[in-house]
Structures are given as C-alpha cells and as structure tokens.
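Asker: just coords:
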C-alpha cells in the first residue's frame, strides 16, 4: 500500500515512526535547476559536488538520488561516437601520423621550449616509428630517431636521448606498474592509469600513461594511440590559445586533470549501474543479480586499485621538492587538482561500500523470499492440523463410537472441517499474516 520495502518500514518503526526525509521545495528547486544547467549529464555524485561548489550547500547523495526520482530527473548516458570518414577527411586525419608535431609554439631563445613525440608512419614495408625533438625558437627538428619496432628498445633509445635512467625505463616499459611519482633529481616520473568502461560489457579497461617532466621538456608514453586528450591537441592548434603560452608544468597539470576528471565520468557510470541493480533487487532478486554484483565488485576493486594512489600522488606535487618542476604560480591549479583527487577518492570508497551493501541486500531479499515461502507453508500446515486430527480421530476403528452410527455423521464432519478452514483463514487474514 505504501510502496516501500520491508527494510525501510522496519527501520521506520524502530525510529519511533517519525516522518523522515521530508520533501523540501527549495532543495528540489536547487537540484532541478543545477540538473538542467548541466544538460542532465551529471550523475548523483557530480551533481552533489556541483551544488556544493556553486551554492555552498552539502547534500547527501542519497537525498539527491531520491529527489531526482521524485522529480523525474534522469541522467543522460553518454555514448562514445566514432569519427566518421567524412569528418576524418575534414580534419585531415587520414593517411597522417597521429602525433605529428605541428603546433606553432613561440620561444624567445634556443633550447628554451622543446617537445618530443613518437609518430606512427605507415610504409610499404610496415610501420616506421619516428621520435623527434622540436625546438620552438626556430621551429626546427634538432634531433630525431627512427625505428622499425615499437617495443622496449625504442623506449631505451628515447631514454638515452633524454638521459632517463634504466630504472625509470623499466617502470615505463612495465604496463602493470603501480601508480606512483618518482623524483630522479634531473626529472620526475609520473605513472598513471587511464581508465575507460566498455559500453556493452561494463568492464573497466585500463592502460598506462607515463609522464617524464624535465626542464622545458614533457615526454609522455602510452600503450595505445587512443586517449581522452583530443581536446588538448585541438586547443594546441588554435592560434593564441592560453595553453601555448604556458610551460610544460601547466601542460602536465592539464593532462593529469583530464585523467582525474575522466575517473569521475566512469564513477558516474558505476553509480548508475549500482542504482539499476538496487532497483532490480528490490523488485525481485535472483541468481543473475548476484553474478552482476560480483562483477561490479571486481570493477570497483580495479578502480580503487588505480584511483586510490592518485590522491597521494597529487599531494606530492604540492610539496616544496617539486618547485623545480611546478613553480609557485601552479599552486592554485594543483590545489584544484587535489580537490578533484579527494572527490574521486571519496567517491570510489563510497561506491565500494554501496557494492558491499548490495550483497547484503541480495541476501536479505533472498531471506525475505524464503521467509514468505515458509510462512505460506506454515499456514497451510496449520490449517490441515485440525483436519488431520478429526480424520485421525474417526479413523481409529473402535467398535463402540456413537458418531459412526449417525445417519448424517459424514456430512456433519465435512461441514465442521470446512467451517474450521474458513474460520482459520479469516483469523489469519485479520492478523495480516498473509
């Protein structure tokens, strides 16, 4: 009648039947407006922090989820769209190396600003890998190296070119390296994991991104050419863009910030999946739901493994030992990045707890289902107990039983048994036992 589950009802009774979660028109208005301002793409967690940053109001994520359900606000799920052939031709991306150095940075002196990249050039004999160093003072390639293999040897050659030690090269070449930051005196090495979620299978895929930051030099190593940095390349190609006038520390900050923001997008997808499973469990729990929960727990474990160390990594970037690479003006950007890291860390921890609660909810719903079945069986057994007594009493076959000689004894017994059944069913209904 009340359209609530039993667990909520029992909790309400234990709290003295106090009316909680009262609907507030002002809160509903704030949530609705912020949802519309963000075009409906923010999930519960991102909407919570957007309201907190804009209005200074801290809402519980459960309250936001409840209000969204009451107001009929649904999060728009974004799908990844591939680049069509026509658009690729317009962007001149066909028959072109993905990372060809073409950005017109400006420098005031030789050796002040340089960049390095590894381009993939398709040839008749296979793929040629070009590692080039460009000086932005005169826009000339000051050094380059070509290789027919894209393996550890290529990484070693790049390491020799930029004086990167062997231990760092081993960490870069190891795709299973943990997230970390190393200060190697002349440069720092940052290793992160770029994450993405498969749309159909909902599995979390990851690849390693390594950043080597030296004075005026930023080198990145990726496992695949696919990444969320297309927006950075677009901004670099725009004349007069702010990113062009900044040093490599700002560019490194932008790359890390995009990766951390991408974590939030994935966590939003995980949260939506948790909401769907939770709704399904409340309606009807079965074996498939448990398998989905366990798969979800595994994905969250992967997320937690790679996301949790990011908070400590960002904190190290704010220490005084990093001033050689991230100057004093970067402290505001790094502070904002640290806030994002804390949000991501707290979110993945919260989602892990919710996934654990899903398992508890599953077992609770299964137990409730079994209790309902046992209750029905107990009621049926209770109804048949007096009937079995009457049948057993008159089935003892004693020679002197007066009722056995009655002309209407059989019909009287059937009527008595039917009356007992009706009375017991009426009593159970009145007690609301079924």
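Answerer: Everything's here; your move. Quick caveat: nothing in here was measured; it's all calculated off a predicted structure.

Asker: so where do the helices sit in the protein?
Answerer: Per DSSP state H, the chain carries helices over the ranges 6-14, 25-37, 44-55, 61-71, 85-90, 152-161, 166-173, 230-236, 242-245, 248-283, 287-317, 331-393, 409-430.

Asker: Throw those into CSV and include mean neighbour count and mean pLDDT, thanks.
Answerer: Every C-beta, even on glycine, is put in place using the N, C-alpha and C of the backbone. Below are those laid out as CSV (neighbours: other CB atoms under 10 Å; pLDDT from 0 to 100):
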stretch, mean neighbour count, mean pLDDT
helix 6-14, 12, 54
helix 25-37, 14, 85
helix 44-55, 18, 80
helix 61-71, 16, 80
helix 85-90, 11, 41
helix 152-161, 16, 79
helix 166-173, 17, 87
helix 230-236, 13, 78
helix 242-245, 13, 73
helix 248-283, 18, 88
helix 287-317, 17, 88
helix 331-393, 15, 89
helix 409-430, 12, 90
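
Asker: in JSON lines: these, plus distance to residue 218.
Answerer: Formatted as JSON lines, the helices of the chain follow (distance: least, CB to CB, whole Å):
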{"stretch": "helix 6-14", "distance to residue 218": "53"}
{"stretch": "helix 25-37", "distance to residue 218": "35"}
{"stretch": "helix 44-55", "distance to residue 218": "29"}
{"stretch": "helix 61-71", "distance to residue 218": "37"}
{"stretch": "helix 85-90", "distance to residue 218": "27"}
{"stretch": "helix 152-161", "distance to residue 218": "13"}
{"stretch": "helix 166-173", "distance to residue 218": "14"}
{"stretch": "helix 230-236", "distance to residue 218": "12"}
{"stretch": "helix 242-245", "distance to residue 218": "12"}
{"stretch": "helix 248-283", "distance to residue 218": "4"}
{"stretch": "helix 287-317", "distance to residue 218": "14"}
{"stretch": "helix 331-393", "distance to residue 218": "15"}
{"stretch": "helix 409-430", "distance to residue 218": "76"}
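
Asker: among those, which is nearest residue 220?
Answerer: Of all the helices of the chain, it is helix 248-283 that lies closest to residue 220, at 7.1 Å by CB to CB.

Asker: now do the closest one against helix 61-71, angle only.
Answerer: 60 degrees (axes from the mean of the first three to the mean of the last three CA atoms, to 10 degrees).

Asker: could you check how far the residue nearest to the spatial centre of the chain is from residue 356?
Answerer: By CA atoms, centre = their mean, the chain has its centre lying nearest to residue 267, at 2.3 Å. Going from residue 267 to residue 356 by CB to CB, to the nearest Å gives 16 Å.

Asker: swap in residue 64?
Answerer: Counting by CB to CB - residue 64 and residue 356 are separated by 21 Å.

Asker: and if you look at residue 422?
Answerer: 48 Å.

Asker: try residue 404
Answerer: Relative to residue 356, and taking CB to CB, residue 404 is found at 65 Å.

Asker: repeat that for residue 37.
Answerer: Where residue 356 is concerned, residue 37 sits at a distance of 33 Å (CB to CB).

Asker: now do residue 261
Answerer: 26 Å.

Asker: these two touch, right, residue 277 and residue 296?
Answerer: Yes - Residue 277 is in contact with residue 296 according to CB atoms under 8 Å; the separation is 6.9 Å.

Asker: residues shared between the contacts of those two?
Answerer: residue 358 (CB atoms under 8 Å, 6 or more residues apart in numbering).

Asker: need the contact partners of stretch 406-415.
Answerer: Looking at what lies outside stretch 406-415 - CB under 8 Å, 6+ apart - the contacts are 390, 394, 403.

Asker: kindly report the same for stretch 287-307.
Answerer: 179, 193, 195, 197, 202-204, 206, 263, 266-267, 270, 273-274, 277, 280-281, 344-345, 348-349, 351-352, 355-356, 358-359, 362.

Asker: please compute how far it lies from its chain's middle.
Answerer: Centroid separation for stretch 287-307 versus its chain: 10 Å, with CA atoms, centre = their mean, to the nearest Å.

Asker: next: stretch 342-350.
Answerer: 10 Å.

Asker: now swap in stretch 176-196 and tell me
Answerer: With CA atoms, centre = their mean, you get 22 Å for stretch 176-196.

Asker: same thing with stretch 422-431?
Answerer: Taking mean C-alpha positions (CA atoms, centre = their mean), stretch 422-431 and its chain are 50 Å apart.

Asker: now residue 366, nearest residue through space, not along the chain?
Answerer: Of all residues not flanking residue 366 in the chain, residue 285 sits nearest, at 5.6 Å (CB to CB, 6 or more residues apart in numbering).

Asker: before we move on, what about residue 342?
Answerer: residue 311 (6.3 Å).

Asker: residue contacts, residue 309?
Answerer: 178-180.

Asker: quick one: residues contacting the nearest residue to the residue nearest to the centre of the chain once chain neighbours are set aside.
Answerer: Nearest residue to residue 267, sequence neighbours excluded (CB to CB, 6+ apart): residue 347, at 5.0 Å. By CB under 8 Å, 6+ apart, the contact set of residue 347 is 45, 264, 267.
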